[in-house]
Every structure is written in C-alpha cells, then in structure tokens.
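Participant: My questions are about this predicted structure, shown below with the sequence.
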Amino acid sequence: MPWSKIKADSNEPDFYTESNNTGRRITYPESVREGLRQALDFDDRVFIMGQGVDDPGGMFGTTRGLKEEFGEKRVFDTPLAETALTGIAVGAALGDVRPVYFHNRPDFLLLAMDQLVNHASKWYFMFGGAVNVPLVLWACIGRGWGSAAQHSQALQGLFFHVPGLKLIMPCTCFDAKGLMLAAIKDNNPVLIMDHRFNFKQKGIVPEHMYTIPIGKGIIRRSGKDVTVVAVSHLVTDAFYAAEELAKQGLEVELIDPRTLRPLDEALILESVSKTGRLVIADTGWKTGGVTAEIAAVVAEKGFSFLKAPVARVASPDVPTPAGYTLEEAFYIDKEHIKNAILKTMNFKG
Amino acid sequence: MHGITEKKKINIFYDMLRIRRVQEHIESLYLKDEMKTPVHLYTGQEAIAVGICSVLRNDDYVSSNHRGHGHYLAKGGNLKALIAELHCKKGGCSKGFGGSMHLVDTSVGHMGSSSIVGGGIPIGTGLALSIQMKDSRQVSVVFFGDGAADEGVLYESFNFAMLKKLPVIYVLENNQWSVCSHISARQPDENIFHRASQDLLLTQKIDGNNVIKVYGAALKAVEHARQGYGPSFIECETYRVMGHAGCKNQDSKEYRDQKIVEAWGKKCPVKHFQNLLFKENILATEDLADMEKQIAREIDDAFAFARKSPLPSHEDLYGNLYCE
C-alpha cells in the first residue's frame, strides 16, 4: 500500500493551538522547513547535516531546497556512520556552531547511542557546566507499508530514560515549527522525535519566527470527566475519540505534553486533580515506556486524586510486523483510546 | 633539529618534567585515599603530549581520554584545578563532577576528555568541522590509545575527516596495552590507516619517547592542517610502564614480562631528553635543580589549594543538568 493511502492528507482537527488563526494553512513538512529556513537565515552558525538532507525529496520535504539556498557548507549529506557523525555533531557544537542532524528514522539512532547517551547528554554535567552541547537531533518514526521491525520503531521510551537529553514529540504544524526553532535556540542536546502520520496534516502556521517553550504541555481540549494524555499523532486520534464521546455527554480533557523531557508534570497533575481519571496513549512499547512513567508520576504524586485505575494505550510488547493484517493487530488508534476512556469511566471501585 | 630554539627546548623539557613530577606526586599520595577517583597515570608518555602541544596555539583544540593528565597539563590546563578535581572538590576543573577521567579547560582549548574508549575521536573531528565552518585556522588534536584504535568509530571519523579535508590531527599513543590485553591479541601487525593515501591522510609513525621526533611530526601535521590540506595521523610508539590504573605497585606482575617493562623504563622520555640537553650544554645541573624546586613548590601549592577547596554539597547534584 503506497504511503498516500495509509493516511489521507487532511486538515488538523480544530483543537486548541496558540496560532490564533493568524497564519496560513500549510503542510506539516512546509512548517518544519520554514522553521529551518528561518534559523539558517537568522544565525550563520546553524547548519543541517544528515543522510539525504540535500536529495530531491529533502527528508520528506523538510529540507527541500535548503542546500540550493544556503550552500553545501551549511546543508550537507553525510556518510552512513551514525556513531561518528553524532560525535562529530557534538564536537561541532562544542566548537560554537549549531548542528541540526537529521535521521529519517529513529531506528538508526541506536547506532548513535554511545555519542548520544555517553557524551552529548552528559557533557554539561560531567564538566561541572564548563562546556555545553547545543545540538538538535531529528528523527521521524515510520508506520505502515510493511516497514517492519527495523524501520518503524517508536523508541522514545529509550531516550526518555536519559538525564541531560531533552525530548520533544510534536503533533501540530504550529508546534513543528515553533518547537524546531526552540530546539535550535536551546543550549542543550535536544531530540525531536517526529512521526510520518503528522506529515499528512495541514495546519495554521504564522509566517514569523516564534518559539514554543520546551517543557510545557498544552490542553488541546478542556473537559471535566477524564484526562487523556496523548503523544505525537495520537493527540489527533484522542481528539476525535473525545469529540465522539462528547455526543454521549462525556467531557474529555486532552493534554498534549509536546515535550516528554522535561515533562510538564504540573499540567497533568492539575488536570487529574480535577477529573480523577487518566488515560495515557503513546506510540511506543508499553513496558518501561512513556505510559509507564507518566502513570508512575501520577500514582506517586496524585494518588489521592484517582477515582479509577490509570489506563494505558501503548504498542504491544512485540516488534513491529510487516504484513498489513499483523499491522492492524499491532497499531493503536482512536478506537483503542475510546475503549480505554470508557473502561476508566465505567470502573466501579 | 627542526630549527627548535634552545629556549623552546628548555620549555619542552620543563613541561615534561613537570608532568612527570605531578604524576609521581599523585602516585605517592594515592593510597591515602584522599583522591577518591581512578587515576590513569601518564608516566612514560610525556614526550607525546608535550611534543604535540608545544606546536599548538592557545586556541587550538585538544580532545583527550581517560589517561589525560598529560594532555591537560601540556595544553596549559590549570594545575590547581586538576589536583582539586582529583580530590573531587568544587575548585576542580569540573567542580568535582568529573574526577580524574573528565578534565576540561576551555580557556586553553581543552574541550573535555571522554572515558569511553574512542569517544573523543569523533568529538575532536567535529571540533575540526567547526573550525572549517568558522574559517578560524585553528587545528584540532585528538589523543587516543591503541585500545581506541580497535574501535570502529576511528575509521568512521577518518573517513569523514578525509572527505571534508578537516584540520584534525589524530595522535595514536600506542602504549601497547589495553588494561591487561596486549595489542598483539587485538590487532594485526599494522593498522589499515598506514595504507591510507598520503594525499588524504598524512601518516607518520614515530618513536613516541623521543620528544624531538614528536615535535617534528607535529610541526608537519599542524602546517598541513593550517594550510587546509586536511587531516593527519601520527602513531607514536611507546609503552605503558605503569599499570592500567592506580599506583605501580597495585598492578599485577603476572600478565606481562617484567623484563620488557624494565627495558622500556630505561627508555624514559624525560631522562632521554634531559641527557640530550646536558650533552648540548643547554641545561646545567643548577638549572635542573631550580626547575625541580619551582615544580615542587607549584605542586605543593596545588595540593594545598585542593585540600582547602570545599566539597560540592548535596544540593549541587542537580545544578548542572541543563545549560540555560
């Protein structure tokens, strides 16, 4: 099944963003590209590297035309050597330039773990603040079309574990640009974990440069009955689930954390203190992953708020299969989130 | 001899002697347990760090490893901050967060040392990329051992440095030992980088215990880098006369032939250079005595500073996670 049929191009749902409809409606890759273009234009130290950033496709469109505009010194292809190239990006950052290193899939980040976890994330701490690593890494989770076990992993749980690394998972066109610019401006290593499903969307994006604070989540929809924390493109699924349930008189409060590390715990706890019920939805594996951590935070700091057990919607603990019937069994969507919300609502203690 | 002035020779000798005395002093006090960090002493390899760094500018970069005291001092790193770091004190170069294996002094281009074997190699390569992007005519030197030459990241880094003609100098300190594993158990006779094209990677293999040879090789490599010709690789043959970590008497005698260790001990780079300077009448016995006195005073001051420096508090633990 070609990519275009896996998820149709569509407008973003009408949920809350800060754009206030003051921009134009553009595609998600156009939004990322606009942020990168403005950063390259604004600061001579910024450069983009990665396999295929200068090819005609331009990393799903995000880097298209940037080499032509800014030259091959600032937008360049790299050898297939993720360990060294990540270290090279770290070194360049130490030398006061600002790399943005693109990986088309997070699966390949595993080859970069030594430099990412042992070096980039620790350099500031380990030297008592004497040096810092302003580095942006970007990777985009694949899904569907038989991408299988090594081309579609949602590995945010692994990176979520690492102190010193900031981890962002955007889901709107507005956030894709604003968080990219915030990551480039940040003086620490920041990993942006995007998702191919986001790339099918169009949304309202202002033309000017703006940043979104890293570490702050946002309420996409207000409600009093149950809190849903959803990550990446599942925010969209959760929003549609909430709209359907609203017709049955159930008001869901939907939180998009936007940043996983540092996590906006206060926003989640505040919401749960009001609703008493929590559903967490993440594209990654269940065990030891993002849903496990957020559930633990609420169990630890908001236990008295809870009227029902926390419900988790996450990928099953098996690798991604290729076949489309198996994919159907593997992936979670709106219905899974809806069922989890209903189960939480129907809990009788 | 490569046109080195007498003054330069004296400075080089002083720096080598100073590193040796600092290492000996650390070793003599190590078992008192005031320095609670695993030290990997640089004794016996002084000619390499000093020979290389003596041709560098203050703003040139060095990337270093777990056996890094020599690189730090040769590049001009602050001695008091080093000794305080070994005591894990707030006055240390890494404020007590790094210990012996994580030294830094950005004021002299030392951007931090990694204790993951080979970890500093791509970072030094990336510093060279930043130089090229800034067009700042600096060079980036990466010190690493034969253990790091086992790692694949070295070859990935060479490839990128050659591709982009980066101003980076890879300095392999082949001391033959990775903990208790001899190089013969880990690598064939000659590494593949000795077969790299000289156009792409200027390659030199030298006696790493002869500081004049190291100086000459470094001069050539630095000139090559500053002219924009690209990376170079210098293999310095030496020997780890000490154990892997800690004091000499903590090292097992069983994994290697002690006669070989003793023979290498006699090829001491400091003694060798000292004798040469005596022979050339550049150094007199009184000069040496003055140097020893000056170094001893500096070492005493550094240890006094370290002892007086406060320990980091429990609250400090969370202070250095993110940079503002």
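Facilitator: On my side now, so go ahead. Numbers count the residues shown, from 1 in each chain, chains lettered A, B, ... in the order given.
Participant: quick one, helices of chain B?
Facilitator: B:6-30, B:46-53, B:69-74, B:79-86, B:120-134, B:152-164, B:211-226, B:258-265, B:269-279, B:285-308 (DSSP state H).
Participant: I misspoke; the intended subject was the stretch 151-300 of chain A.
Facilitator: A:156-160, A:173-185, A:234-246, A:265-275, A:290-301 (DSSP state H, counting those that start in this stretch).
Participant: in terms of contact, does B:K80 touch B:R307 like I think?
Facilitator: No: contact criterion CB atoms under 8 Å: B:K80 and B:R307 do not qualify, at 11.1 Å. Quick note: C-beta positions are derived from backbone N, CA and C, even for glycine.
Participant: which of the two has more neighbours?
Facilitator: B:K80 (18 against 12; other CB atoms under 10 Å in any protein chain shown).
Participant: now the angle from the lengthiest helix in chain A to helix A:173-185?
Facilitator: Scanning chain A for the helix with the most residues, using DSSP H, yields helix A:28-42. On the basis of axes from the mean of the first three to the mean of the last three CA atoms, to 10 degrees, helix A:28-42 is oriented at 30 degrees to helix A:173-185.
Participant: What helices and strands are in contact with helix A:28-42?
Facilitator: Judged by 3 or more CB pairs under 8 Å, 6 or more residues apart in numbering or on different chains; DSSP states H and E, helix A:28-42 is in contact with strand A:46-50, helix A:66-70, helix A:173-185, strand A:201-205.
Participant: Would you mind finding the most buried of the ones you listed?
Facilitator: helix A:173-185 (a mean of 26; mean count of other CB atoms under 10 Å in any protein chain shown).
Participant: any bit of it sitting next to chain B?
Facilitator: No: residues of helix A:173-185 contacting chain B under CB under 8 Å from any CB of the partner chain: none, with a closest distance of 11.6 Å.
Participant: Turn the helices of chain B into JSON lines, columns for distance to chain A and mean pLDDT.
Facilitator: Compiled in JSON lines, those are given as follows (distance: least, CB to the nearest CB, whole Å; pLDDT from 0 to 100):
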{"stretch": "helix B:6-30", "distance to chain A": "20", "mean pLDDT": "97"}
{"stretch": "helix B:46-53", "distance to chain A": "18", "mean pLDDT": "98"}
{"stretch": "helix B:69-74", "distance to chain A": "12", "mean pLDDT": "98"}
{"stretch": "helix B:79-86", "distance to chain A": "9", "mean pLDDT": "98"}
{"stretch": "helix B:120-134", "distance to chain A": "2", "mean pLDDT": "98"}
{"stretch": "helix B:152-164", "distance to chain A": "3", "mean pLDDT": "95"}
{"stretch": "helix B:211-226", "distance to chain A": "14", "mean pLDDT": "97"}
{"stretch": "helix B:258-265", "distance to chain A": "32", "mean pLDDT": "94"}
{"stretch": "helix B:269-279", "distance to chain A": "29", "mean pLDDT": "97"}
{"stretch": "helix B:285-308", "distance to chain A": "15", "mean pLDDT": "98"}
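Participant: Quick one: closest of those helices to A:E207.
Facilitator: In terms of CB to CB, the element of the helices of chain B nearest to A:E207 is helix B:120-134, at 28.4 Å.
Participant: Give me the spatial nearest neighbour of the most centrally placed residue in chain A, chain neighbours excluded.
Facilitator: Residue closest to the mean C-alpha point of chain A, counted by CA atoms, centre = their mean, is A:M169 at 1.4 Å. Distances taken as CB to CB, 6 or more residues apart in numbering or on different chains place A:S232 nearest to A:M169, at 4.5 Å, with adjacent residues excluded.
Participant: returning to what we had before: for the residue nearest to the centre of chain A, what are its contacts?
Facilitator: The neighbours of A:M169, taking CB atoms under 8 Å, 6 or more residues apart in numbering or on different chains as the test, are A:Q156, A:I192, A:M193, A:D194, A:H195, A:V231, A:S232, A:P257, A:R258, A:T259, A:L260.
Participant: List buried residues within these.
Facilitator: A:Q156, A:I192, A:M193, A:D194, A:H195, A:V231, A:S232, A:P257, A:R258, A:T259, A:L260 (16 or more other CB atoms under 10 Å in any protein chain shown).
Participant: mind checking how far the residue nearest the centre of chain B is from A:K307?
Facilitator: Centroid-nearest residue in chain B, with CA atoms, centre = their mean: B:H71, separated by 2.9 Å. With the distance defined as CB to CB, to the nearest Å, B:H71 ends up 61 Å from A:K307.
Participant: so who does the nearest residue to A:P29 once chain neighbours are set aside touch?
Facilitator: Nearest non-adjacent residue to A:P29, counting by CB to CB, 6+ apart: A:G61, 3.3 Å away. With contacts defined as CB under 8 Å, 6+ apart, A:G61 is in contact with A:T27, A:P29, A:E30, A:V32, A:R33, A:F199.
Participant: swap the cut-off to 10 Å and go again
Facilitator: A:T27, A:Y28, A:P29, A:E30, A:V32, A:R33, A:F199 (CB atoms under 10 Å, 6 or more residues apart in numbering or on different chains).
Participant: Including pLDDT, could the contacts of A:M169 go into JSON lines?
Facilitator: Below are the contacts of A:M169 laid out as JSON lines (pLDDT from 0 to 100):
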{"residue": "A:Q156", "pLDDT": "97"}
{"residue": "A:I192", "pLDDT": "98"}
{"residue": "A:M193", "pLDDT": "98"}
{"residue": "A:D194", "pLDDT": "97"}
{"residue": "A:H195", "pLDDT": "96"}
{"residue": "A:V231", "pLDDT": "98"}
{"residue": "A:S232", "pLDDT": "97"}
{"residue": "A:P257", "pLDDT": "98"}
{"residue": "A:R258", "pLDDT": "98"}
{"residue": "A:T259", "pLDDT": "98"}
{"residue": "A:L260", "pLDDT": "98"}
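Participant: Could you break chain A into its assigned domains?
Facilitator: Domains of chain A are assigned by automatic domain parsing as A:11-205, A:218-345.
Participant: mind checking how far A:F239 is from chain B?
Facilitator: Distance of A:F239 to chain B, computed by CB to the nearest CB, to the nearest Å: 31 Å.
Participant: Tell me, how many residues neighbour that residue?
Facilitator: 25.
Participant: And the pLDDT for it?
Facilitator: The score at A:F239 is 97. That number is its pLDDT.
Participant: before we move on, what about A:F15?
Facilitator: Note for A:F15: predicted pLDDT of 90.
Participant: Roughly how far does it sit from A:I204?
Facilitator: Distance from A:F15 to A:I204, counting by CB to CB: 11 Å.
Participant: Check A:A139 too.
Facilitator: For A:A139, the distance to A:I204 equals 26 Å [CB to CB].
Participant: For residue 220, which residues are in contact?
Facilitator: Chain wasn't specified; assuming chain A. A:R220 neighbours (CB under 10 Å, 6+ apart): A:13, A:15-17, A:171-172, A:228, A:230, A:235-236, A:238-239, A:242, A:252-256.
Participant: To clarify, I was referring to chain B.
Facilitator: B:H2, B:V55, B:I169, B:L202, B:Q204, B:S232, B:I234.
Participant: Please apply the same query to A:T236.
Facilitator: With contact set as CB under 10 Å, 6+ apart, A:T236 has these partners: A:7, A:10, A:12-13, A:15, A:171-172, A:197-198, A:200-201, A:220, A:230, A:256, A:334.
Participant: Among those residues, which ones are in strands?
Facilitator: Judged by DSSP state E, the subset of the contacts of A:T236 located in strands is A:S10, A:Q201, A:R220, A:A230, A:D256.
Participant: ok, the residues you listed vs chain B, which is closest?
Facilitator: Nearest to chain B, judged by CB to the nearest CB, of the ones in strands among the contacts of A:T236 is A:D256 at 21.9 Å.
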